[in-house]
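**Student:** Sequence and computational prediction follow.
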Amino acid sequence: MTLKINDTAPNFDAETTKGKINLYDWAGDSWIVLFSHPKNFTPVCTTELGALQSIKGEFDKRNVKILGLSVDPVEDHEKWSDDIKDVTGHHPDYPLIGDKDLQVAKTYGMLPATTEGSSAGRTAVDNATVRNVFVIGPDKKIKLILSYPMATGRNFPEILRVIDSLQLTAKHKVATPANWKQGEDVIIVPAVKDEEAKTLFPNGWNTVKPYLRVVKQPK
């Protein structure tokens, strides 16, 4: 399965460090960040899980639930979490899926559907494609997909920045320009004609080009 932005995120049941969950039931009306790892006890991923825990409060403020996945059993996650605390000073308190049967990884297209067997005996190199971030909206649609190489750690402040944009543009008829950050000017989407824009943005805007109208970020 090749998932794309705006596809419905596949539902699943999984064992996690917080017990068994059903994705949709667990999510409720929250946003989700599902981020995956090819193997426990790998160096880059160890730093990532701690780094994400260190800013988890920022995700909480945005009504975003964090869900980790690793192609290993849940019991190994518990041991790995202790290492993460030793290395980063932060013990993950968000659920980590134990995907030992590879089902979630295959469902989300991170491993080929034809992959056989379990996590036993597989290496991080075998699972190198299980290095993704999926942002899923309350409507259970996929809003963002990012894939990372093995040697490059993820930038979680950037993921927060994208979530800010996703939540803003879901509520208002605007788009965010390159390098945009919370509070900066945004762009009126082309589908909004000037007459409608006068109602939506009564304080006016700056027309840079006929197709590029810059306006203060709406509240």
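**Tutor:** Cool, the structure landed. Numbering: from 1, shown residues only.
**Student:** how does the protein divide up, domain by domain?
**Tutor:** The chain resolves into domains spanning 13-154, 172-215 when parsed by automatic domain parsing.
**Student:** mind giving me a markdown table with those and columns for distance to residue 165, mean pLDDT and mean neighbour count?
**Tutor:** (Glycine included, C-beta is placed from N, CA and C.) Formatted as a markdown table, these follow (distance: least, C-beta to C-beta, whole Å; pLDDT from 0 to 100; neighbours: other C-beta atoms under 10 Å):
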| stretch | distance to residue 165 | mean pLDDT | mean neighbour count |
| --- | --- | --- | --- |
| domain 13-154 | 10 | 94 | 17 |
| domain 172-215 | 4 | 97 | 13 |
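**Student:** Let me have these in a markdown table, adding distance to residue 5 as columns.
**Tutor:** As requested, those are exported to a markdown table (distance: least, C-beta to C-beta, whole Å):
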| stretch | distance to residue 5 |
| --- | --- |
| domain 13-154 | 6 |
| domain 172-215 | 14 |
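**Student:** Residue 2 is nearest to which of those domains?
**Tutor:** Nearest of these to residue 2, taken as C-beta to C-beta: domain 13-154 at 5.5 Å.
**Student:** got the contact list for the residue sitting furthest away from the middle of the chain?
**Tutor:** Farthest-out residue of the chain from its mean C-alpha position, per C-alpha atoms, centre = their mean: residue 195, at 36.2 Å. Residues near residue 195 by C-beta atoms under 8 Å, 6 or more residues apart in numbering: none.
**Student:** Mind telling me what element it is part of?
**Tutor:** If you go by DSSP states H and E, residue 195 is part of helix 194-200.
**Student:** quick check, distance from that helix to the centre of its chain.
**Tutor:** Helix 194-200 has its average C-alpha position 33 Å from the chain's average C-alpha position, going by C-alpha atoms, centre = their mean, to the nearest Å.
**Student:** Would you map the strands across the protein?
**Tutor:** Taking DSSP state E as the criterion, the chain contains strands spanning 13-16, 19-22, 31-37, 64-70, 96-98, 132-136, 142-147, 174-175, 186-188, 206-209, 212-215.
**Student:** Just put the ones you listed in a markdown table and tack on distance to residue 51.
**Tutor:** Shown next, in a markdown table, are those (distance: least, C-beta to C-beta, whole Å):
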| stretch | distance to residue 51 |
| --- | --- |
| strand 13-16 | 20 |
| strand 19-22 | 23 |
| strand 31-37 | 11 |
| strand 64-70 | 12 |
| strand 96-98 | 15 |
| strand 132-136 | 13 |
| strand 142-147 | 15 |
| strand 174-175 | 29 |
| strand 186-188 | 28 |
| strand 206-209 | 37 |
| strand 212-215 | 33 |
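**Student:** Mind listing residues that contact stretch 202-214?
**Tutor:** Contacts of stretch 202-214 (C-beta under 8 Å, 6+ apart): 177, 185-188, 190, 197, 215-216.
**Student:** Ignore what I typed, I meant stretch 136-143.
**Tutor:** Contacts of stretch 136-143 (C-beta under 8 Å, 6+ apart): 3-9, 11, 24, 27, 29-34, 134-135, 166, 170.
**Student:** go with 7 Å
**Tutor:** Contacts with stretch 136-143, where a contact means C-beta atoms under 7 Å, 6 or more residues apart in numbering, come from 3, 5-9, 24, 29-32, 34, 134-135, 166.
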